[in-house]
Each structure stands twice: as structure tokens, then as C-alpha cells.
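1. only geometry, no sequence info:
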């Protein structure tokens, strides 16, 4: 059987950030900024971008600095870079959500707290600062270029538990975690959920591992339904 290949995204660059833009045929019902994890790249999440497009949403996946084709090293500009992608997304859809996994989940929460107008955050196995610092020091976080001298103080200053309490009053939060996550304990998401305001939802899946939820079609569809409801 022959199948037509999926329509490729529109590739572009903004302020040194390489991105892939997925646009539906009609007016987008919402826009999603997709944030990958440490050592990954935008291409790893094209499956979710295509699913967003099929659901009538716009989506943009981008390479964080130090990853893929983006300029520079991963450093203190990470949150501003995510906000720049939110601005790009708002050129196509007025209601914007963030979906990130691991390091990207951490970044999604911080960016949404800084933005205030994000309609939803979907954080998949989000990593807290103490784990990111430990991973950098031990060498477990690898496969990307990082400005260690600048990132260490940044991670010491930021607190994702505080950031989640500062999400916009209408920002809906969905936390997804695998109970068998060997890198980020599922209790991190439980703690984030406990201090976050409504509307919020926590789902801890039995078994699994750190990467098992990112590309699960059922989990992706659940995330899209959550974003669609938050976007109205």
C-alpha cells in the first residue's frame, strides 16, 4: 500500500531560533508552542505538530539554543526564546498554549508564568531546577551546547514551584507523568499540582518511563482536547 507523505511544515528562523510551523487549512482554533527536552530537537516532536494541524490548530516546534539548528548555547535567554515563539504563534492564532516535555516542561511553566496570557500549559514529566543542576554537574544532561557558567546561577535563582503559582488566572494546567519515570520522579508533578491554581489536572500513568508519554497517541490526543477546552 502506498501512502502520501505528510505535508511538511514551514521552516524558518527568528532571532537565531530555527523553527517548524504547522498551519491548518483554515483559521486555527488555537496555537501551540512545542518545547523539546534536553538533547532533543524540534524534529522529535513533528508528530505532535502534525496532530495539532489535523485538529485545526497551529503549532510551532523550535530548537532551543544549543540544540539542532538554532544559534548559540543554551543559557539565560531560554525563557525569552520561548516567549518569542509565543509571539510568533500569536501572528497565526490569538489563543496560545505551551506544551513541553522534561526540560521543555520546566521551560513551559516558566514561560507561561512570565507571559500571563497563555491559555494552557501541558507539562510532560517536567524537570525541577535541582534535578537539572544535578544532571549538568554529573554529565547526565548531554548532547547539547550549554553555557554552564550562566545556567548554574539561573537554575539557582529560578523555582518552578513558585512559577506554577504565578500562572495567569485563566491559564489551565495539565501535568502528565509516568509513574515509572527513572529520571524525574512523578512526585514532582504531584507537588506542582498541589500548589497550582484551578483549572488544573494531574494524570500519573502506571509504569512507563521518562520518554514513554511524549509520543503516545492517546496522551497526545488528550493534551489536544485539554488545550481546545482551555482555548474555548
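-> Received it, and whenever you're ready, just let me know what you need. Only a predicted model underlies this, so the values are computations on that prediction, with no experimental measurement involved. Numbering: from 1, shown residues only.
2. doesn't residue 172 make contact with residue 118?
-> No: look at residue 118 against residue 172 with CB atoms under 8 Å: they stay out of range, at 9.2 Å. (Each C-beta comes from the backbone N, C-alpha and C, glycine too.)
3. what helix or strand does residue 79 sit in?
-> Element membership for residue 79, per DSSP states H and E: helix 78-90.
4. for that helix, buried residues please.
-> Neighbour counts using 16 or more other CB atoms under 10 Å place 78-79, 81-86, 88-89 of helix 78-90 among the buried residues.
5. closest to residue 53 out of those?
-> Of all those, residue 53 sits closest to residue 89, with 13.1 Å by CB to CB.
6. and the pLDDT at the residue nearest to the spatial centre of the chain?
-> Residue closest to the average C-alpha location in the chain (CA atoms, centre = their mean): residue 100, at 1.6 Å. We have a pLDDT of 98 for residue 100.
7. the strands in the chain, which residues?
-> With strands called from DSSP state E, the chain shows them at 10-14, 17-22, 31-35, 58-62, 96-101, 120-124, 172-178, 200-205.
8. nearest to residue 71, of the ones you listed?
-> Across the strands of the chain, closest to residue 71 is strand 17-22 (CB to CB), at 7.6 Å.
9. next, the angle helix 78-90 makes with the closest one.
-> For strand 17-22 against helix 78-90, the angle between stretch directions is 30 degrees (axes from the mean of the first three to the mean of the last three CA atoms, to 10 degrees).
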